[in-house]
Structure formats: structure tokens, C-alpha cells
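J.: Only the shape, not the letters, is given here:
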Ligand code: PLP
């Protein structure tokens, strides 16, 4: 070692224990527990991101995604990042500076769409509804006619409120008014009925860690031809190099040109997660989510608790429950975590302190989890009210 080399500073040389995460049951808004087969797939030996076997796997992922999303869209790919990366990719590629973007804001993720679209130069217009409610077709029509947007952005499954935005008929409104329909499907894909082509959705994105039971870190998006046209006729370059689909799609398309190193293990995991959906079948999977959600809703009612969203607009994947007046919501979630290893979440934004959020997503949407959660909640309420 040379005398001129600086002395190594050992201040941060932590001698830590081997990793030992607690066995949590993740019944919050996500991540949900990954399916064991997905975790196994992640541990498989790495291959290169241009290896023919990896390219074959990429093709399989795209095909399986088309099934899960019910679309024929050629541009259907996973983005290397979490749901917000796919969200940002969708906006960065479709919004041109000066475009009017109308956002349905009835929860936290509508607000995030507003923020992101604004950062890409959109003139953002808001259509507002109280958190927990959804937009009617008439309200959407009025909004479109008043603002004449280039893009209407809606959240199909608002994870902050547990509300499901009906999408039937919205695309027709958009087409009549020469506007693209962009939809957040992070908490619906693989858990709640969703038909990209039949509903005429032009662009959508999702995440991996909710109803697909894969760890966070990879997030799909899909663009139809109308969205593709807008992308390919842009006047300005996409203002985000990493998420520029004109570049990324050269790696996912026939050219296979290097753009960034694909997260190999995340793609293994995602492929397995999508295989699991294909094995079960969408119809059966949606039905399972629905039945377990119904069981939960019934059990909550029996405990004297009230759901925040009207039944017809409730998501099967995420339920918001009103915290009773005399109960400290935080203490209940802490009790569930410490006594039962169950993660349940509190509210976000406007609903902070007012609701709990219970996720029954993908692999976690099982009868035994509902029974355990209801038992734990009952204990928590009993224990904390007795104090
Ligand atoms: N959109 C919705 C509806 C979400 O629920 C989430 C995450 O919870 C996101 C977007 C952002 O995804 P991520 O946290 O994976 O970046």
C-alpha cells in the first residue's frame, strides 16, 4: 500500500446481523406479500440482458401482460422502476408542453397525476370529487366539454380511498372530443375487472406489488395506436431520458438496442407473477378477490365498523374502513403489527386519521387472511377500548 493513499475511515463500517425480516402479513395498500414462486424465480441465476434466453423471456412477459390487461397493444412493456416510474413514463411520453390535461382528482393519486403532468409542461385542469366518491359519465362529459383537454387522466382504483372509477363509456366521450384516455390501474390490474381494449383505454400503467404479488421494482404500461401516434408525432423530445419510450421500445421491440440494463431478477419475478395469473385465469382471479372482499365487508359490519365507500363502487382489492370516534386508529395498526404481525395502514391525505386501509391483493386475497385479520381487529378494539 502506498504511503500517499488516504487512511481508510472506518466510522461507517457497521458490523451488522444477517438480514432477518419479520414474517409480516401485508394487508395494507401494498406491497402485498409476494407469491413464494415469485420469490423463487428472483433467486434464479442471472443471465445477460441481451442473452437470447432473456429476450425470449421478454417476449413472454409482453404476451402475458397483454392477457392480464386484455389488450392487443404492441407497446405493452414493463418499466424498470415502481408504479410511479410507469406513471411518469406515461405522462412524460404523452404530455407535450402546453397540452391541456384534465385530471380526475378524488384521491391522493389523482393529486400525483396533477403534479407529474404539470412538471412536463401540461396546463393542468382538475375535476374534483370528495375522496371516496367517483365521477359520473355526465360529470366527465361536462369536464371534457368545458376544458377541451388533449388527455383525460383517471385513477381506476384509488388506493387512498378504496373507490373504483367505472370506465365504461368514458373512451367514447374522449374520442368524440379528440382526447386521449389515460388510466392508472396500479391497484386494479390482476384483481379487479379491467379491459383495456374493450373499454377503449388509450394508455395505462400499473405496478407489480399489489394484485400481481410481485415485489415492487418493475411496473408495466400499455399504449394503443392512438397513444403511439401522439408519441411519434411529438414536436418536442420526451423530457426524461430514462423513461423515453422512443428509446426504451427499441430494446423491447425488434431492434433489441441497449438502452439501460434491464433488472433481470425483477423480470424473472414479474414473469412468474404473470404466469400465476394466466394459470388461475382472470375470471377466477377477479371472483376470488370479490368473494374475499365480501367476506371482509360482512365481518367488518359484524364488528360494528363502517366502510368508507358505497358498496357499488368499492374495490375488491382495497377497503377503507372508518375509524370509530372513540378509537385511536394508530394504536390499532400498531397492535396488529406487534401482536399479530399484520400490516394494515392508516389513511392518506384528506383521509389521514379517518380510515384504515385493508388490502386483499393477489396471493393475499385468501379466506384465512380475512378470518385472521377480523380476529386481530376484534382483539385490538377490545384491548384498546378496555384501557
Ligand atoms: N398509483 C396508485 C393508484 C398507487 O396505489 C400507487 C402506489 O401505491 C402508485 C400509483 C405509485 O406506485 P409506487 O408506489 O409503486 O411508485
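T.: Happy to help now that I have it. The model shown is predicted, which means the values in this text are computed figures rather than measured ones.

J.: Closest approach to the ligand from the chain, which residue is it?
T.: residue 83 (2.5 Å; Cβ to the nearest ligand atom). Where C-beta positions appear, they are placed from N, C-alpha and C, glycine not excepted.

J.: show me the contacts for that residue.
T.: Residues in contact with residue 83 (Cβ atoms under 8 Å, 6 or more residues apart in numbering) are 186, 205-209, 216, 219.

J.: Based on its surroundings, how many neighbours for the nearest residue to it once chain neighbours are set aside?
T.: Nearest residue to residue 83, sequence neighbours excluded (Cβ to Cβ, 6 or more residues apart in numbering): residue 207, at 3.1 Å. When neighbours are counted by other Cβ atoms under 10 Å, residue 207 registers 29.

J.: Does residue 207 touch residue 188 like I think?
T.: No - counting by Cβ atoms under 8 Å, residue 207 stays clear of residue 188, with 10.4 Å between them.

J.: Write out the residues of the stretch 201-350 of the chain neighbouring the ligand.
T.: Neighbours of the ligand within the stretch 201-350 of the chain, by Cβ under 6 Å from any ligand atom: 207, 216.

J.: Show me the helices in the stretch 201-350 of the chain, by range?
T.: Counting by DSSP state H, counting those that start in this stretch, one finds helices in the stretch 201-350 of the chain at the ranges 225-232, 245-252, 264-280, 282-302, 329-340.

J.: Adding mean pLDDT and mean neighbour count, write these out as TSV.
T.: What follows is the helices of the stretch 201-350 of the chain, written out as TSV (pLDDT from 0 to 100; neighbours: other Cβ atoms under 10 Å):
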stretch	mean pLDDT	mean neighbour count
helix 225-232	98	17
helix 245-252	96	19
helix 264-280	98	21
helix 282-302	98	17
helix 329-340	98	17
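
J.: would you list these in CSV and tack on distance to residue 112?
T.: Listed next are these as CSV, based on distance: least, Cβ to Cβ, whole Å:
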stretch, distance to residue 112
helix 225-232, 20
helix 245-252, 20
helix 264-280, 22
helix 282-302, 24
helix 329-340, 23
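
J.: ends of stretch 273-293, how far apart?
T.: Taking Cα to Cα, to the nearest Å, stretch 273-293 runs 21 Å from one end to the other.

J.: Please tell me how far it is from the chain's geometric centre.
T.: Centre-to-centre, stretch 273-293 and its host chain are 16 Å apart (Cα atoms, centre = their mean, to the nearest Å).

J.: now what about that stretch, what contacts it?
T.: The contact list for stretch 273-293 (Cβ under 8 Å, 6+ apart) reads 34-35, 37-38, 61, 64-65, 67-68, 70, 190-193, 208, 211-214, 314-317, 319, 360-363, 365-367, 369-370.

J.: which of those are buried?
T.: 34-35, 37-38, 61, 64-65, 68, 190-193, 208, 211-214, 314-317, 319, 360-363, 365, 369-370 (16 or more other Cβ atoms under 10 Å).

J.: Among the residues you listed, which lie within strands?
T.: If you go by DSSP state E, these have residue 319 in strands.

J.: Flag every residue of the stretch 51-200 of the chain that's near the ligand.
T.: Within the stretch 51-200 of the chain, the residues that sit near the ligand (Cβ under 6 Å from any ligand atom) are 82-84, 87, 109, 155, 159, 184, 186-187.

J.: try 5 Å this time
T.: Counting by Cβ under 5 Å from any ligand atom, the stretch 51-200 of the chain comes close to the ligand at 82-84, 109, 159, 184, 186-187.

J.: In strands, which of these fall?
T.: Using DSSP E, the subset of these located in strands is residue 184.

J.: would you list the residues of the stretch 51-200 of the chain next to the ligand in a markdown table and tack on pLDDT?
T.: What follows is these, written out as a markdown table (pLDDT from 0 to 100):
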| residue | pLDDT |
| --- | --- |
| 82 | 98 |
| 83 | 98 |
| 84 | 98 |
| 109 | 98 |
| 159 | 98 |
| 184 | 99 |
| 186 | 98 |
| 187 | 98 |
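
J.: of all the residues of the stretch 51-200 of the chain next to the ligand, which comes closest to residue 337?
T.: residue 159 (19.5 Å; Cβ to Cβ).

J.: Verify the stated contact: that closest one with residue 186.
T.: Yes - if you go by Cβ under 8 Å, residue 159 and residue 186 touch, sitting 6.7 Å apart.

J.: what residues do those two have in common as contacts?
T.: Common contacts of residue 159 and residue 186, defined by Cβ under 8 Å, 6+ apart, comprise 109, 210.

J.: still on that earlier bit, top of the contacts of residue 83 by neighbour count?
T.: Ranked by neighbour count under the definition other Cβ under 10 Å, those are headed by residue 208 with 31 neighbours.

J.: pLDDT value on that residue, please?
T.: On pLDDT, residue 208 comes in at 98.

J.: can I assume it is in contact with residue 189?
T.: No - the pair residue 208 / residue 189 is not scored as a contact, 9.2 Å apart, by Cβ under 8 Å.

J.: what sits in contact with each of those two?
T.: residue 220.

J.: so where do the strands sit in the stretch 101-250 of the chain?
T.: 123-128, 151-155, 157-158, 163-164, 180-184, 203-205, 218-223 (DSSP state E, counting those that start in this stretch).

J.: Counting by contacts, list what the third one packs against.
T.: Other helices and strands packing on strand 157-158, by 3 or more Cβ pairs under 8 Å, 6 or more residues apart in numbering; DSSP states H and E, are helix 108-119, strand 163-164.

J.: contacting residues for the most centrally placed residue in the chain?
T.: Closest to where the C-alpha atoms of the chain average out (Cα atoms, centre = their mean) is residue 186, at 2.1 Å. Contacts of residue 186 were listed using Cβ under 8 Å, 6+ apart, and they are 83, 87, 109, 157, 159, 205-207, 210, 219.

J.: and if we set it to 7 Å?
T.: Contact analysis of residue 186 by Cβ atoms under 7 Å, 6 or more residues apart in numbering lists 83, 157, 159, 206-207, 210.

J.: Neighbours of residue 343, how many?
T.: For residue 343, using other Cβ under 10 Å, the count is 20.

J.: An error on my part: the question was meant for residue 243.
T.: 22.
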